[in-house]
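Enquirer: Show me the folded form of this:
(chains A and B)
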Amino acid sequence: MKLNLLLSFLLIICFSCKNKSMKLNENDLAQKILSEEEILAQKEELRLKKEQELADSLAKLPKGFLFESVRKTDAFNPPIVIDIANRMDSIKEFKLSDIAQSIEYIKMQTVPNSSISNKMDYRYYMTDKYIVASNIYGIHLFNKDGSYKNTVVKNELSGVKYDKKKKQIWMYYANYTKIGGNPTVWSRGDKLYYNYQNTNTGQNYIMELNCSQDLVKMKPNFNPEEPKAIIGMGKVLFDMNHGQDKVLKAPTPLGVLITNPEYLYERLENFNPDNNTYIKTLNQHDNSLKILNTVNTDILGIFNSKGDTLSKFKKHERLINYKHKNMRGFDFGLSYEKQGNYFFRTDYNDTIFKVIPPNIIQPKYVFNLGKYKVNKQDATTPSFDLHGKMVPYEWADGTRFIFMSFLKDNNLSPKSMRNKTTQLYFALYSKQDKSLFIVERDPYDYQQNLLVNNIDGGFPVWPKSYMINRNGEIMLALRGKDIKEKVASDEFKNSKATYENKQKLIDLAANCKNDDQVLMLVK
Amino acid sequence: MHYSFKIILRLILKKPVLSIINFTGFTIGILASLLIYLWVYDQSTFEKFHSDYNRIYRVLTLSKQGEDIIKSAASYQPIAETIKKDYPQIEAATYLYGSSEDSPLQFENGKKIEARKYFTNTDFFNIFDGFEFLEGNAENAFKHKSNIVLSEKVAHKLFGNSPALGKKIVSDKYSENIYTVSAVLKIPRNTHIDFGYLLSEDNLSLHHTTNSWRDSYWIRTYIKLSTNAEINDLFLSRISNHISRYSNRTDKLMFQPISEVHLHSDYTTNMLDNKISNYKYVVIFSGLALLILIMVILNFTILSTVNYSEQAKEIGIQKVNGAKRHSLLLQFMMNSFLQTFVAAFFAIALAFVLLPKFNELTGQQLQINLSMQLITYLFLLIVFTAIAAGLYPSIYLSKLNPVQILKAKNYSGGNIGLMNLLIVIQFAIAIFSISVSGVFMKQFHFITTKDLGINHSNMLVVPTGLWYDSNSFKNELLQNPNILSASASTYAPMYGGFRSNFVVDNNGVKDSIHAVILHVDDEFARNYDLKLTKGKFLNMNYSTYWEEMKKKSDDHTFSFPVVINESAEKLFGFEDPIGQRIGNNEIVGVVKDFHFKSLHHRIEPLVLMNSPENIMTMNIRISNHKRKESIAFIRDTYKKHREGREFSFQFFDDLLEAEYRNENHLKNTTKAFTILSIIISILGMLGIVGFVVRQKTKEIGIRKANGAKTYEIIQMLNLKFLKWVIIAFILACPVAWYVMNIWLQNFAYKTELNWWVFALSGIIAIGIAVLTVTWQSWRTAKKNPVESLRYE
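Expert: Next comes the predicted model:
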């Protein structure tokens, strides 16, 4: 009888006792969901509240009202001083595992429309739900597993050539036209924003695309009979010309601009922090300067949706009585979006500002360059000897670290690299420890992806400012061919990374075609 | 030994009634235990035919829906691929992407059949290696995109007994697809996975792959852990957060061992989850078998003890003549073993005879295979039953003092107390069983007769597959005067609908609310007699629908009318819901709450929408007259409109009955066990009353000689026993009430636990006791007192 009792219930007990190894506490997970949902809801509520407050206050302003531009530090959150001058001797060896735990590779599905060129590597941006891959040929949405979702805009270009081998874009002003979106995109919640331009008509918009809705189909291709028809998805949020479209006038009509894609990728020249205002960096070649009633000395403006200028900010570093025929230009400043905020640094300047609409710019990071500091006037003067001087080069604001680099003694040009007259320093600033370390390496080695990949033995890493996602993960654009070559290299074979991780890369290489675009996500 | 055996046989033959009682009891007890063992064993074999079943898990999703956290087996398609990629602990991951409807398949110009399509990846065969390949092999199953893997059933339907491998099959649902049969799989009975045919995931349309983190209702994901997978807290924490890494969802993952899917799926399942049962039924049935066995053992223990007490002098003489205690002990145990073994033999024979009936009762397909495991179980069952039954009488009787025995004229020891205990326990169990059975029957009656808020009498449900324009078919049907009404819907209002999320703007406060959406046509309300409480029912025709859909694809400004039920009205919180919008839909009417799922589920907020894109069922009400002719007419009309498609139908009432199959089986089984427990109680009572009556033969004779009437004798004996039955009733009722209260919590809609159910159980038990005692005592009381007193 006892056995019968035992047998009858033993089976039942067995069901509930076995496989405990994968057992998760349902109540704990439910609590976790609730708290995460609450955080998301609070964030969204706060954002909507702020946006509404701003909209209400702007609506009350008299027409033509201009705020006084304020450049001030926040007494409670003073700017972080990054002491470069005194930390040049703090050299430390860094490997990829010092800043990341794992690597994920996402093979991007090839865009089904074969008329869209796949020659150029993507600039990646991650929204909460999607991966946005863009380049001069258009903007595409992918799911986070790399499967293609939609093309947001397929750019219509003429007068543009891309040299895949040298990774150079040639823009011939004589017949240059562009109808479509800029590669720099940004997002808020389910909304994706991009700058849409039509050089034929002068249209210049910030477009908003609600990705939560079904993106049923792509907008039609350009139709000459409807020259002003928008060929990108979404709706116009801001007309940055305020109804006064002006056709592009190239500075040198017969000239050609040769640049690499990074130049186009790293600048975020237009940005809307909310749906009431937008921020625009101003430069002398911009057609909209007159429309926006700005002048050459202005560096940045904040505008509202009705076309009113809310505030303008003057350039920090200006050239005075510059009489040289040539100009040495190698620092172009930077601008980026982080957590819905806009940050910028002007060329040769040492301060990174956060923009707070409608009229505040607030210093967030300041470089202490000390004796290495050089002003814009001297830096741009070709005859000025830069020996012993330092200029900020790259900057990427991550979650735990800030990745930065500096040029010392000269600018970075093919000649200076050949002659090794420039030193390139990389540094890591730990936000937690508030400490700066110069990465141990040969400053005359200009290889820029320098953190040795000891996680999977693959590609060395150093982030670009625009390739850090909102989770602080570093994104690198790769090709199937790169991966195949990498796994065949001695460096990879000799790497002491774990077998499992290396095998993942080998498997990926085996499953990739040469032209496949792959997003490497360093977490 | 030989001597002991002779004594046992003599005892058995000397007390035939007692022996029959014991033997019948043992047979019933072992039979019940054997049948339940077969059933429990069968339940425990689910999914264990896969060689690595203990490493296979089903992926569950925990997500916030409205205010609730819902656990579900619904899964996202990319989970399988990403989870395998991200965690070295996972050796393989697969998913089954089921179709919401059957699809046609045809071999050359042969018969066109309909079967359920599933998409999967190549890891499917790595994980589920227990599915036997009748033709083909795992390696080549998905070698080419156009390969198709058929289930044995579908292969048989298409090709009969001819081989299927390499043959071309055409499916022309939306566009013509030609597949080559690469394998035929045998799907065993004991699995929750069922499919008509499998296609490689390469055949999934772009729509399915691009909306991959959104569609989940029709997907089930499974993983297999590596052999030496290191499962630590960090891994579990990361993997439970897996979805958040790829989307902004807060959903969490959980993992259910595949062997638990059949009995421990404590979440809402859908059509993809077959043969899902509940471990509670295993507990209930095992408990019932155990109670029966307890009753049998008690019967034997106590009746043997009192019976041997009557033979006390014989024991005393044996002891005086030098019989050792252990030899007596052995003798008593042998008696127990002998009876148990013989009873077991009969029980096995009876099991063979009764198994078909038991299968019918429980809805199972059990078989008796005399496996080593079963033989071992039986052996252990017999040994332990025999020991448990024989232990007390053996010890008690073998230690009796021979002097005391021989001095006493009629030795009955302290057995009266034991007998009373037997009555209390047996009747308590019987009353418990009757009460439980009564509540089961009452609940079953309640759920099968409760007004669902719809009129479903004579309603025919015809699965049609996705059918964009069923209007002409419907109109032609209505030409027949015996077809009373017809309407189209996604499913019959019993299988629910799809869960959907609606954005509700209530006085400027936006909220995201989950409700069930059921796609129906404009005749649905009239067809099922839904009661409209506000506004009007859907009246949008299909051409307007397509115009709106076009708008939707152009600029997102579109509007579809919807009707909501009262629960949705309450949830959405509109003062006047008519004209209000939920998402892009305008509320045009409110219907009274009705049940669109079985009564296991509460009525949820429901949104009825008219969409031809989701029509897969035709609901046709026919007249009570000429039913055969009406069905033939429907079949002919259907074949005319859906050329080559298979016609099938079921009455709504039959579908409803199928929804309560588990409860029906439970009710039937409980009934059977209750009858068994009553029989055992009667047997026990007969034994005890017989003993008492024998003890009181002289007393009855004297009473009668002094003028006592027969009815007075009967009354005297009845009162003696009835008080113990009443105590049993007092003990059993609270336990039965408590157990049934817990069981009823499984139902969203339940019957009341009325006092009269328990009172009735008591009355039945008392009735049985009175009849048993009266019959026995009447026989003795009717005897001539001279005969009774002659014993002296």
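Enquirer: from here on, contacts and neighbour counts on C-alpha atoms
Expert: Noted.
Enquirer: Secondary structure element holding residue B:721?
Expert: Taking DSSP states H and E as the definition, residue B:721 sits inside helix B:710-744.
Enquirer: now residue A:125
Expert: strand A:123-126.
Enquirer: That strand and chain B in contact?
Expert: No - contact of strand A:123-126 with chain B is not found when judged by CA under 8 Å from any CA of the partner chain; the minimum separation is 10.2 Å.
Enquirer: Would you list the strands that that strand pairs with, along with their directions?
Expert: strand A:130-135 (antiparallel) (DSSP bridges).
Enquirer: For the partner strand, buried residues please.
Expert: Along strand A:130-135, the positions that meet the burial threshold by neighbour count (16 or more other CA atoms under 10 Å in any protein chain shown) are A:130, A:131, A:132, A:133, A:134, A:135.
Enquirer: next one: stretch A:62-80
Expert: A:66, A:69, A:79.
Enquirer: and if you look at stretch B:108-125?
Expert: The neighbour-count check on stretch B:108-125 (16+ other CA under 10 Å) flags B:112-125 as buried.
Enquirer: Next, the residue nearest the centre of chain A: phi, psi?
Expert: In chain A, the C-alpha nearest the mean C-alpha coordinate belongs to residue A:466, at 1.9 Å (CA atoms, centre = their mean). Main-chain dihedrals, residue A:466, degrees, to the nearest 10: phi -90, psi 0.
Enquirer: And for residue B:747?
Expert: phi -110, psi 140.
Enquirer: Whatever residue of the stretch 101-250 of chain A ends up closest to chain B: how many residues sit nearby?
Expert: Residue nearest to chain B within the stretch 101-250 of chain A: residue A:129 (4.6 Å; CA to the nearest CA). For residue A:129, the count of nearby residues is 21 (other CA atoms under 10 Å in any protein chain shown).
Enquirer: How about it: what's its closest non-neighbour residue?
Expert: Nearest residue to residue A:129 in three dimensions, chain neighbours excluded: residue B:247, at 4.6 Å (CA to CA, 6 or more residues apart in numbering or on different chains).
Enquirer: Tell me who's in contact with that neighbour.
Expert: By CA atoms under 8 Å, 6 or more residues apart in numbering or on different chains, residue B:247 lies in contact with A:128, A:129, A:130, A:144, B:213.
Enquirer: Would you mind measuring from it to residue A:312?
Expert: According to CA to CA, to the nearest Å, residue B:247 stands 38 Å off from residue A:312.
Enquirer: Please apply the same query to residue B:79.
Expert: From residue B:79 to residue A:312 the distance is 49 Å (CA to CA).
Enquirer: helix or strand right after the one helix or strand residue B:179 maps to?
Expert: Element membership for residue B:179 (DSSP H and E) is strand B:177-186. Using DSSP H and E, the helix or strand that follows strand B:177-186 in sequence is strand B:197-200.
Enquirer: Would you mind writing the CA trace of that next one as PDB?
Expert: The C-alpha trace of strand B:197-200 is given here as PDB (Å, rounded to 0.1, in the frame of the first residue of the first chain):
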ATOM      1  CA  TYR B 197       2.900  19.000 -42.700                       C
ATOM      2  CA  LEU B 198       6.200  20.800 -42.100                       C
ATOM      3  CA  LEU B 199       7.900  23.300 -44.300                       C
ATOM      4  CA  SER B 200      11.300  24.900 -44.000                       C
END
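Enquirer: Just checking the distance from it to the centre of its chain.
Expert: Taking CA atoms, centre = their mean, to the nearest Å, one finds strand B:197-200 lying 30 Å from the centre of the chain it belongs to.
Enquirer: That one - which strands sit beside it in the sheet, and in what orientation?
Expert: Using DSSP bridges, the strands paired with strand B:197-200 are strand B:112-120 (parallel), strand B:147-151 (antiparallel).
Enquirer: Which other helices and strands does the next helix-or-strand element following the last one contact?
Expert: Sequence-wise, the next helix or strand beyond strand B:147-151 is helix B:152-159, with elements assigned using DSSP H and E. Using 3 or more CA pairs under 8 Å, 6 or more residues apart in numbering or on different chains; DSSP states H and E as the contact criterion, the secondary-structure elements in contact with helix B:152-159 are strand B:90-107, strand B:112-120, strand B:177-186.
Enquirer: Which one of those strands lies nearest to residue A:504?
Expert: Relative to residue A:504, the nearest member of these by CA to CA is strand B:90-107, separated by 12.9 Å.
Enquirer: residues near residue 51, how many?
Expert: Went with chain A since none was named. Residue A:51 - counted by other CA under 10 Å - has 17 other residues nearby.
Enquirer: wrong chain, I was asking about chain B
Expert: When counting by other CA under 10 Å, one arrives at 13 neighbours for residue B:51.
Enquirer: surely it meets residue B:129?
Expert: Yes - using CA atoms under 8 Å, residue B:51 makes contact with residue B:129 at a distance of 6.7 Å.
Enquirer: For the stretch 651-792 of chain B, which segments are assigned as strands?
Expert: Counting by DSSP state E, counting those that start in this stretch, the stretch 651-792 of chain B forms no strands at all.
Enquirer: still on that earlier bit, using TSV, please lay out the buried residues of stretch A:62-80 together with distance to residue B:461 and secondary structure.
Expert: Output for those, formatted as TSV (distance: CA to CA, whole Å; DSSP: H, G, I helix; E, B strand; the rest coil):
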residue	distance to residue B:461	secondary structure
A:66	70	coil
A:69	72	coil
A:79	72	coil
